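Student: okay, sequence plus prediction incoming.
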Amino acid sequence: MSTEATNEWNTDAIPSLRQPEAELPEIVSAEQFLDQPQEMPAELVQGMIHQSTLTMFSGGSKSFKTFTLMDLGLSVSHGVQWWGKDVVLGRVLYLNFEISAPFFQNRLLVLSDAKSVTRPLRNFDLWNLRGHAADIKLLMPKIIERCRGEGYAMIIFDPIYKLMNGRNENAAGEMAEFLDPLETLAEQTGAAVIYSHHFAKGLASSKEQLDRASGSGVFARHADGIITITPHEEENAFVVEATLRNLRAPAPFVMRWGYPLMKLADELDPKRLKSKVGAKAKYTVAAVVSCLTDGMTTGEWQAAAIKQEGFAASTFAKLKNQAIAEDCVEARGRTWFRKPKVHVFNPMTGESKLREAAPHEQKIA
């Protein structure tokens with residue numbers, strides 16, 4: 001072989017192969033591997049988050065991501081339920097890159113009161129880094145140094161874009177390089193690493209769940225868990241969907257925002273995502289009346305309205321009262337009946353009015 005040909009395959013000329021050698025694990029046979037019992041990491045949040053894994057929370061602007069992550073941190077650090085799910089008690093570190101200290105303090109006080117978590121707060125450490133954000137490659141060694149040996153079960157980054165340092169979030173190579181240090185942190189500390197990211201512009205419900213986060217598809221592939229918070233058609237309600245690498249994903253469910261917490265809204269249909277930017281659900285008296293079968297109790301009527309139209313309980317109550325005020329229904333004891341209406345046309349004036357149907361007209365009505 002000629003010298004020129006030899007030089008073509010000179011591995012020293014390939015930059016990626018001239019990097020310092022990393023210590024790699026040994027290659028083992030499948031049987032050797034099976035003979036080495038592996039300890040499963042703790043399931044910090046029932047059915048959703050394991051220790052030593054990466055989880056991304058993604059949502060649109062004003063989807064209360066910081067409140068959600070603070071709630072998560074308080075729940076794990078005090079062993080109380082989060083979003084109706086059991087948690088394993090563990091020490092939490094919250095890296096706050098966005099909210100100024102006075103406002104973060106206020107949120108922490110309000111959230112702990114709302115969750116009935118009494119002071120002194122335990123197992124919840126805070127690192128206020130607003131104004132100190134830097135490239136993740138520069139900051140991560142300092143984070144690992146501070147966290148090593150501290151026994152953190154969960155480390156939360158809020159928000160992750162503060163560490164991009166000018167990187168193009170649409171460039172797959174740049175984002176893979178950007179996210180890798182988070183994996184290193186999880187491996188070296190044994191903590192669940194949680195980070196928040198924003199949705200891309202546009203209507204989130206028009207995209208598949210994994211495609212809603214802004215930037216490269218690497219965001220959808222890198223984390224072990226992708227949890228999205230997408231607007232429901234009902235105001236201040238959000239559909240939660242999860243894609244999980246190591247657990248069976250829970251069925252989508254709906255949370256309703258009520259300052260300062262998200263609370264389960266089991267009565268809302270998670271399929272009813274907000275379908276138009278700026279649009280609010282339009283529910284009518286006619287819709288709630290159409291769900292009534294004569295002789296239903298209030299509870300039966302409400303259940304039918306929720307199932308057929310996706311009403312929230314509060315929306316049903318409001319429209320039921322409107323239906324009563326407009327004389328569309330009447331109560332007979334503990335049951336409800338429609339009051340049929342007919343249109344009456346006046347040929348002299350050309351006007352059409354709605355009036356209650358006479359007994360002989362009710363079948364027609």
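Tutor: In hand now; what should we look at?
Student: all contacts plus neighbour counts: C-alpha atoms, from now on.
Tutor: Fine.
Student: next secondary structure after whichever strand or helix holds Ser75?
Tutor: Remark: Ser75 resides in helix 65-78, with elements defined by DSSP states H and E. Next along the chain after helix 65-78, taking DSSP H and E as the criterion, comes strand 91-96.
Student: residues in contact with the following helix or strand past that following strand?
Tutor: Sequence-wise, the next helix or strand downstream of strand 91-96 (DSSP H and E) is helix 101-114. With contact meaning C-alpha atoms under 8 Å, 6 or more residues apart in numbering, helix 101-114 is reached by Phe67, Met70, Asp71, Leu74, Thr118, Asn128, Pro260, Leu261.
Student: helix 101-114 to strand 91-96, inter-axis angle?
Tutor: Put simply, helix 101-114 runs at 140 degrees to strand 91-96, going by axes from the mean of the first three to the mean of the last three C-alpha atoms, to 10 degrees.
Student: pull the distance from helix 101-114 to the chain's centre.
Tutor: Chain-centre distance of helix 101-114: 21 Å, with C-alpha atoms, centre = their mean, to the nearest Å.
Student: now do that helix against helix 65-78, angle only.
Tutor: Using the same axes, to 10 degrees: helix 101-114 against helix 65-78 is 60 degrees.
Student: strands paired with the next helix or strand after helix 101-114, and their directions?
Tutor: Next in sequence after helix 101-114, counting helices and strands by DSSP H and E, comes strand 124-128. When pairing is defined by DSSP bridges, strand 124-128 lines up against strand 91-96 (parallel).
Student: one step back: could the contacts of helix 101-114 go into CSV alongside distance to Met140, pLDDT and neighbour count?
Tutor: CSV is the format used below for the contacts of helix 101-114 (distance: C-alpha to C-alpha, whole Å; pLDDT from 0 to 100; neighbours: other C-alpha atoms under 10 Å):
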residue, distance to Met140, pLDDT, neighbour count
Phe67, 24, 97, 18
Met70, 21, 98, 21
Asp71, 24, 98, 24
Leu74, 24, 98, 27
Thr118, 33, 92, 11
Asn128, 15, 95, 16
Pro260, 31, 96, 18
Leu261, 31, 96, 19
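Student: out of these, who's nearest Ile156?
Tutor: Here the nearest of the contacts of helix 101-114 to Ile156, counting by C-alpha to C-alpha, is Met70; it sits at 8.8 Å.
Student: and for the residue nearest to the closest one when sequence neighbours are not counted, the neighbour number?
Tutor: Leaving aside its sequence neighbours, Met70 sits nearest to Leu108 (C-alpha to C-alpha, 6 or more residues apart in numbering; 7.5 Å). Taking other C-alpha atoms under 10 Å as the criterion, the count of residues near Leu108 is 18.
Student: where does the stretch 251-365 of the chain have low pLDDT?
Tutor: Filtered on pLDDT under 70, the stretch 251-365 of the chain yields the residue ranges 276-282, 341-365.
Student: domain map for this protein?
Tutor: 43-264, 285-361 (automatic domain parsing).
Student: make CSV out of those domains and add distance to Lys274.
Tutor: What follows is the domains of the chain, written out as CSV (distance: least, C-alpha to C-alpha, whole Å):
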stretch, distance to Lys274
domain 43-264, 4
domain 285-361, 13
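Student: right, so these: which one is the most enclosed?
Tutor: For these, the largest average neighbour count (mean count of other C-alpha atoms under 10 Å) is found in domain 43-264, namely a mean of 18.
Student: which residue ranges form the strands in the stretch 151-300 of the chain?
Tutor: Along the stretch 151-300 of the chain, counting by DSSP state E, counting those that start in this stretch, strands occupy 152-158, 192-198, 225-231, 237-244, 253-258, 261-264, 296-297.
Student: ok, Ile324 - contacts?
Tutor: Glu330.
Student: make it 10 Å
Tutor: By C-alpha atoms under 10 Å, 6 or more residues apart in numbering, Ile324 lies in contact with Val285, Val289, Glu330, Ala331, Arg338, Lys339.
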